[in-house]
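Engineer: task: produce atomic coordinates for the following.
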Amino acid sequence: MWPRNPRVPLTAALCAVGAACANNPAPGGWLPEHREVAQDPYGAWVQIRRSDRTELGGEFIALHGDTLFVLTESGRLTALHSREFDQARLAYFNSSAGLLGLWTGIGALSTISHGGFLIITLPMWIIGGSVASGSESRAPLEGVRRWSEWSELRMYARFPQGIPESLDRRVLRPRPRRSGDD
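Structural biologist: Residues are numbered from 1 along each chain as shown. Here you go, the predicted structure:
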């Protein structure tokens, strides 16, 4: 009844979890943890697909009328008119969905001790863990397809009410990356 190779259920569990998870566009070590979001002074990571099919990623700085401001990792402040891009994705915290995937794999592997009941418990671990991991991986993500959706997402900008007129834009610096989160 049990596969000869015990890695089979673990591999199946990890594949199911991986397939259920959403891809976070932010670079590793860039996003705050969920418990830090309320005190975080930086904006969300935004990944933009421009009309010419090139991509631009960086910190969501502000909205001004029909212009979106993004600060790239290199420190370049870029202004994009609403007609310059097709869609975007925002990520505003690190969901740590990989940890849930790890627990799913460990739980699936633990069904070895369930004897014949693993026919029931292994699928439960794989299905339940996949659903939980997939849901958690999507929690910090917002997709944007129309310009009108940006007004609802301005709360994720570094300056939700717009860049202050007195601010020298040359002093804006990108968020430092955390080490060890890559």
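
Engineer: each with direction, which strands does the longest strand seen in the chain pair with?
Structural biologist: Ordering each strand of the chain by length in residues (DSSP state E) puts strand 55-64 first. Using DSSP bridges, the strands paired with strand 55-64 are strand 45-50 (antiparallel), strand 67-71 (antiparallel).

Engineer: hey, C-alpha coordinates of the first one in CSV?
Structural biologist: Okay, so that is strand 45-50. In CSV, the C-alpha atoms belonging to strand 45-50 read as follows (Å, rounded to 0.1, in the frame of the first residue of the first chain):
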residue,chain,number,x,y,z
TRP,A,45,6.5,46.7,-4.0
VAL,A,46,4.9,47.2,-7.4
GLN,A,47,5.7,45.3,-10.6
ILE,A,48,4.4,47.0,-13.7
ARG,A,49,4.1,45.7,-17.2
ARG,A,50,4.4,48.7,-19.5
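
Engineer: mind listing what's buried in it?
Structural biologist: Residues of strand 45-50 classed as buried by neighbour count (16 or more other CB atoms under 10 Å): 45, 46, 47, 48. Any C-beta I mention is one placed from the backbone N, CA and C, and that applies to glycine too.

Engineer: want to throw those residues into JSON lines with pLDDT and distance to residue 121?
Structural biologist: Shown next, in JSON lines, are those (pLDDT from 0 to 100; distance: CB to CB, whole Å):
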{"residue": "45", "pLDDT": "87", "distance to residue 121": "38"}
{"residue": "46", "pLDDT": "90", "distance to residue 121": "41"}
{"residue": "47", "pLDDT": "89", "distance to residue 121": "39"}
{"residue": "48", "pLDDT": "89", "distance to residue 121": "44"}
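
Engineer: can you pull the contacts of residue 169?
Structural biologist: If a contact means CB atoms under 8 Å, 6 or more residues apart in numbering, then residue 169 has 77, 163 as its contacts.

Engineer: pLDDT score for it?
Structural biologist: pLDDT, residue 169: 85.

Engineer: surely residue 42 meets residue 60?
Structural biologist: No: assessed by CB atoms under 8 Å, residue 42 is found out of contact with residue 60, at 9.0 Å.

Engineer: neighbour count winner among the two?
Structural biologist: Counted by other CB atoms under 10 Å, residue 42 and residue 60 do not tie: residue 60 has more neighbours, with 27 against 20.

Engineer: wait, the more buried one sits on residue 160?
Structural biologist: No: counting by CB under 8 Å, residue 60 does not reach residue 160; the two are 9.6 Å apart.

Engineer: I'd like the distance between the spatially closest residue to residue 80 that is not a sequence neighbour and residue 62.
Structural biologist: Nearest non-adjacent residue to residue 80, counting by CB to CB, 6 or more residues apart in numbering: residue 68, 4.8 Å away. Remark: distance between residue 68 and residue 62 (CB to CB, to the nearest Å) = 8 Å.

Engineer: that'll do, ta.
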